[in-house]
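Asks: what's the 3D shape of this:
(2 chains)
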Amino acid sequence: MTRILAQTKSASVNPLKSSQPLGAALAFLGIDGAVPLFHGTQGCTSFALVLFVRHFKETIPLQTTAMDEVTTILGGSDNLEEAILNLKTRTKPKLIGVCTTALVETRGEDSAGDIADIRLKRAEELAGTEIVLANTPDFSGALEEGWAKAVTAMIEGITRPGERARQSKKIAILPGWNLTVADIEHLREMVESFGLQPVILPDLSGSLDGTVPDHWVPTTYGGTSVEDIREFGAAEHCIAIGEHMRRPAEVLHKVSGVPYVLFESLTGLKRADQFVSLLSTISGEPVPAGVCRRRAQLQDALLDGHFHFGGKKIAIAAEPDQLYQYATFFVDMGSEIAAAVTTTDMSEILEKVPAESIQIGDLGDLETLAGGADLLVTHSHGRQASQRLGVPLMRVGFPVFDRLGSQHKLSILYQGTRDLVFEVANMFQADRHAPTPEELDPFRKRETPGGPRSSPLTRH
Amino acid sequence: MNSLSAKIQDVFDEPACDKNRGKDAKARKEGCASPLTPGAAAGGCAFDGAKIVLQPITDVAHLVHAPLACEGNSWDNRGAASSGPSLWRTSFTTDLTELEVVMGQGERKLFKAIREIKEAYAPPAVFVYSTCVTALMGDDIEAVCKRAAEKFGLAVVPINAPGLAGSKNLGNKLAAEALLDHVIGTVEPDDAGPYDINILGEFNLSGEFWLIKPLLDRLGIRVRACIPGDARYIDVASAHRARAAMVVCSTALINLARKMDERWDIPFFEGSFYGISDTSQALRDMARLLVRKGADPEILGRTETLIADQEAGASKKLEAYRRRLQGKRVLLNTGGVKSWSVVHALMEIGMEIVGTSVKKSTVEDKERIKQILKDDNQMFEQMSARDLYTMLSEGQADIMLSGGRTQFVALKAKTPWLDINQERQHPYAGYDGMAELVRQIDLAIHNPIWSQVRERAPWDCQPGVKDEQASAKNETATVHAAQEFAGTTPTISASVEKIR
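Replies: Numbers count the residues shown, from 1 in each chain, chains lettered A, B, ... in the order given. Prediction:
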């Protein structure tokens, strides 16, 4: 049983978290013709925007209600209304995703009530634009919670309720935020290869995959269409990926009776097998030859790669579902999780993470715990710890701002797992240093248990 | 918040600010915050501005008293460089949780956080930043800082610039006020000398101040404090003993310069290290001010010798690019170009300025721009992303120089772009920096990717469509330019011919 250690420090050192409204905005960015709107000061938006741009290297539509001292005292509903109307006239979006911030939540704004009033009062002007609210104060949760709340809010607000005639080929897919653009593209192709029609909510592969449009678009271009969200309930089945997508899957089930299956992760051979078997069962189709070939390639990668993984100590800091995804990947390859740090103790997935204990904390904690590790696994902010500890860093999650192409990195199913095996094995090989007589001398000063490096004899 | 409101009134009524001087008494009283439009606003908040100005002080622990977003979404994101301590790059925040906000436990957590930082890192000072939520909770960070300073025996400086107070620029100025109130003048240096100067508003981005410092060393001028670029706390604390000061970014720190003049008799001048003539002028002004304050006048002659030598070297380097850059059209899209000598230098080697933003420029600035540009219409207050995109995709400029905010507008319009704001990768200050800027412009414009990204797929070209012809014309122009300078293989132009 994994022990979950609560945070006891008062000063968070090098945060691991990105804020909850940022997670919600990310989900709204996966909708076609959308603009996320932060209900807060312009700084809240500016920081999130800069971080998005550094990660995706794209223009990101993100707006603010621009609260100031006076509106903070008098109330922000006028700002919210003005912002929504301005966005409607200027960008003609199909969806405005309102994300609240700590400022308006601390103030106690009734944003849901305000939005209901605005929609009523301005029905004519706002026709053709959905407005969805995610309550996402910065003082609780992180990216994962924000993403899940936004997806839940979209299903509650847009999906047509009631039991419907099911389209037998239609599969509703709820990916967690930790799936990259490449993961979603791959997932779609896999589902389609069984003759099924996937509808993915949200779909970052349509909006943030780095294509160059031939004219200026002030909203997102590409992603799940609002119409698809409306018809989401006509799916035969729903597949949710990541524990944090359980809530949206349950809401979809409640709203329209669509049954769901939840995969905690799609990385690793066994999970890929389960996923592929499920698709085969739902579709009644045999597994395509190409998929079998990918599976064989992964088996070969496991054979070639396992030499590099055995006995390695891995230190991971990530949000709960991503922590689970990578911890299980490494343990399945014969490594051990020497340190695990995450953002919240609220997720049920944490009990299943194959680590002795999980620290709720920050990258300062990771740096303290990762002393004897062979590899750090976290986002780009781990670069300082990596440098100080002299331990290589594998960049995963958000934000990755000092390497290109993170969105095009595949990490799921046979092919993604194969790529991960190669990536990590190559990092170990690059970090390898030649043995020295001193290291191998039987009379050398023995390392203290849990000391800086594992035995030189077993390295590499 | 009364003391904060008073501070804001005070910094808005800045007598040394050109823009402010141009206003009548009533307009001055209204301050310079332009109201924001909800749903159509861009830019940072006062906290952002305060952190930008102070964070490059390298050995200080910067502690942000806030829920996660203020620090968690923004840390380690600017390119200032340090020659020593790296503590400034470590992020500290109280990361307030819901329970702590509800229960009002902010002050207690802040106090504990300061203790933890003192015990683990022993910095010379902790700077504590207030933010919207902690201001709204009514946390008295000044009291907490005072108590912590007494108890732990180190400088704990409250930075009272919550985001909701206003713009980034206001935050810059509030940060300066905090330095005046709590830091500058608290340490007496034992080595003050007649050649000591302060450089204010220099951020040492990409280490570019290190292109300047050796010039000052050569002249025997000592930098008492460069605020904030590569500064140590003690430099800032003893900055009041400099003889003269140069203000590099006056929009940010003019109040600091003027008040240091008032309090400690440190005269200042506004100058810039961008561009050749401005760098020379800055060195001259610096030497003159020092002489006025009692330094040996022989420094003036030495300065002229150094300038002549450096200018000759720089012109030679720039001249090498004339052939490659002559006639190329530059669009400047940045807050306000303070340094007209950059523009001059670009024009000297034959480049053309086809547009510039004047959002933050003063009346005099605008007059100068009018003289430089052929057409007044090329001046714009602020261009919307859509208009900018249209202008660039129509091929009206060969390169845009701007900040990261509009980077992808240019790139999506398939136009060369160079970062000249805070995230830039290259140092552009001084004589060598100008040569580097021109080199980077050259590299950007003549990169062989432009012909590749502008070309349509071979199976995707229907001749006769209007906009296609326009873009094909562009392609040829670029390909020819590229061929002339980079020796592009004939295959590319052949395929362009086919397309046409």
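Asks: any weak-confidence spans in the stretch 101-250 of chain B?
Replies: B:249-250 (pLDDT under 70).
Asks: for it, what spans make up the strands?
Replies: Along the stretch 101-250 of chain B, counting by DSSP state E, counting those that start in this stretch, strands occupy B:125-129, B:155-159, B:196-202, B:222-228, B:244-247.
Asks: next one: the stretch 301-450 of chain A
Replies: Under DSSP E, counting those that start in this stretch, the stretch 301-450 of chain A gives strands at A:313-317, A:336-342, A:357-360, A:375-378, A:393-395.
Asks: ok, which of those strands comes nearest chain B?
Replies: Minimum separation from chain B across the strands of the stretch 301-450 of chain A (Cβ to the nearest Cβ) falls at strand A:357-360, 10.9 Å. (Glycine included, C-beta is placed from N, CA and C.)
Asks: picking that back up, adding mean pLDDT, distance to residue B:298 and mean neighbour count, write the strands of the stretch 301-450 of chain A out as TSV.
Replies: As requested, the strands of the stretch 301-450 of chain A are exported to TSV (pLDDT from 0 to 100; distance: least, Cβ to Cβ, whole Å; neighbours: other Cβ atoms under 10 Å in any protein chain shown):
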stretch	mean pLDDT	distance to residue B:298	mean neighbour count
strand A:313-317	98	59	27
strand A:336-342	97	61	25
strand A:357-360	96	63	19
strand A:375-378	98	57	26
strand A:393-395	97	54	20
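Asks: okay, those strands in CSV with distance to chain B next?
Replies: Formatted as CSV, the strands of the stretch 301-450 of chain A follow (distance: least, Cβ to the nearest Cβ, whole Å):
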stretch, distance to chain B
strand A:313-317, 13
strand A:336-342, 14
strand A:357-360, 11
strand A:375-378, 13
strand A:393-395, 14
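Asks: closest to residue B:220 out of these?
Replies: strand A:393-395 (44.7 Å; Cβ to Cβ).
Asks: for that closest one, which strands pair with it and how are they oriented?
Replies: Paired strands of strand A:393-395, with direction, are strand A:375-378 (parallel) (DSSP bridges).
Asks: mind giving me the domain ranges of chain A?
Replies: Following automatic domain parsing, chain A resolves into domains at A:3-10+A:292-430, A:20-158, A:167-288.
Asks: average model confidence for the second one?
Replies: Rounded to a whole number, the mean pLDDT of domain A:20-158 is 95.
Asks: what do you get for the shortest one?
Replies: Per-residue confidence for domain A:167-288 averages out to 95 on the pLDDT scale.
Asks: on that earlier part again, out of the strands of the stretch 301-450 of chain A, nearest to residue A:89?
Replies: strand A:393-395 (40.2 Å).
Asks: circling back to that earlier point, with respect to burial, which of the domains of chain A scores highest?
Replies: domain A:20-158 (a mean of 23; mean count of other Cβ atoms under 10 Å in any protein chain shown).
Asks: give me the pLDDT for residue B:363.
Replies: pLDDT, read off for residue B:363, is 70.
Asks: residues contacting the lengthiest helix in chain A, please?
Replies: The single longest helix within chain A, with elements called by DSSP state H, is helix A:289-309. Contacts with helix A:289-309, where a contact means Cβ atoms under 8 Å, 6 or more residues apart in numbering or on different chains, come from A:190, A:193, A:269, A:272-273, A:276, A:330, A:333-335, A:413-415, A:417-418, A:421-422, A:424-425, A:428-429, A:460.
Asks: next, the contact list for residue 188, please.
Replies: No chain specified, so I'll use chain A. With contact taken as Cβ under 8 Å, 6+ apart, residue A:188 is in contact with A:198, A:200, A:205.
Asks: that's the other chain; I wanted chain B
Replies: Taking Cβ under 8 Å, 6+ apart as the criterion, residue B:188 is in contact with B:238, B:241.
Asks: do you know how far it is from chain A?
Replies: From residue B:188 across to chain A, the span is 31 Å (Cβ to the nearest Cβ, to the nearest Å).
Asks: for residue B:173, same thing?
Replies: Using Cβ to the nearest Cβ, residue B:173 is found at 16 Å from chain A.
Asks: hang on, that residue packs against residue B:255?
Replies: Yes. Counting by Cβ atoms under 8 Å, residue B:173 touches residue B:255, with 5.2 Å between them.
Asks: next, show the common contact partners of these two.
Replies: B:11, B:14.
Asks: settle it for me: which of those two has more neighbours?
Replies: residue B:173 (29 against 23; other Cβ atoms under 10 Å in any protein chain shown).
Asks: so which residues on the stretch 251-400 of chain A come close to chain B?
Replies: A:362, A:364, A:381, A:384 (Cβ under 8 Å from any Cβ of the partner chain).
Asks: and residue A:263, what are its phi and psi?
Replies: Main-chain torsions, residue A:263, degrees, to the nearest 10: phi -100, psi 130.
Asks: how about the contacts made by the residue lying closest to it once chain neighbours are set aside?
Replies: Of all residues not flanking residue A:263 in the chain, residue A:241 sits nearest, at 5.2 Å (Cβ to Cβ, 6 or more residues apart in numbering or on different chains). Residue A:241 sits next to A:173-176, A:179, A:262-263, A:265-266 when contact means Cβ under 8 Å, 6+ apart.
Asks: chain B: which of the residues you listed is nearest?
Replies: For the contacts of residue A:241, the nearest to chain B is residue A:176 (19.9 Å; Cβ to the nearest Cβ).
Asks: show me the contacts for the nearest residue to that closest one once chain neighbours are set aside.
Replies: Nearest residue to residue A:176 in three dimensions, chain neighbours excluded: residue A:242, at 2.8 Å (Cβ to Cβ, 6+ apart). Going by Cβ under 8 Å, 6+ apart, residue A:242 touches A:144, A:175-178, A:263-265, A:321, A:325, A:349.
Asks: among the residues you listed, which are in helices?
Replies: A:144, A:321, A:325.
Asks: check the gap between residue A:65 and residue A:220 for me.
Replies: Distance of residue A:65 to residue A:220, computed by Cβ to Cβ, to the nearest Å: 19 Å.
Asks: which strands and helices sit next to the host helix or strand of residue A:227?
Replies: For residue A:227, the element it lies in under DSSP states H and E is helix A:226-230. Counting contacts by 3 or more Cβ pairs under 8 Å, 6 or more residues apart in numbering or on different chains; DSSP states H and E, helix A:226-230 is packed against helix A:143-158.
Asks: strand A:336-342 and the helix it packs on, what's the angle between them?
Replies: Helix A:143-158 and strand A:336-342 are oriented at 60 degrees to each other (axes from the mean of the first three to the mean of the last three Cα atoms, to 10 degrees).
Asks: show me how far helix A:143-158 is from its chain's centre.
Replies: 13 Å (Cα atoms, centre = their mean, to the nearest Å).
Asks: neighbouring strands - and their directions - for whichever helix or strand residue A:37 is part of?
Replies: Secondary structure from DSSP H and E places residue A:37 in strand A:34-39. Strand A:34-39 pairs in its sheet with strand A:63-64 (parallel), strand A:95-100 (parallel), by DSSP bridges.
Asks: quick one: contacts of it?
Replies: A:21, A:24-25, A:28-29, A:44-45, A:48, A:61-65, A:67, A:76, A:79-80, A:83-84, A:87, A:91, A:93-101, A:104, A:109, A:111, A:218-220, A:223, B:39.
Asks: same thing with stretch B:97-113?
Replies: Contacts with stretch B:97-113, where a contact means Cβ under 8 Å, 6+ apart, come from A:9-11, A:102, A:106, A:137, A:139-140, B:63, B:65, B:67, B:92, B:94, B:96, B:128, B:133-134, B:137-141, B:143-144, B:147-148.
Asks: stretch A:176-186 too?
Replies: Stretch A:176-186 is contacted by residues A:23, A:26-27, A:143-144, A:147, A:175, A:187, A:200, A:203-205, A:208-210, A:241-242, A:244-245, A:266, A:318-319, A:321-322, A:325, A:397-398, A:406-413, A:415-416 when judged by Cβ under 8 Å, 6+ apart.
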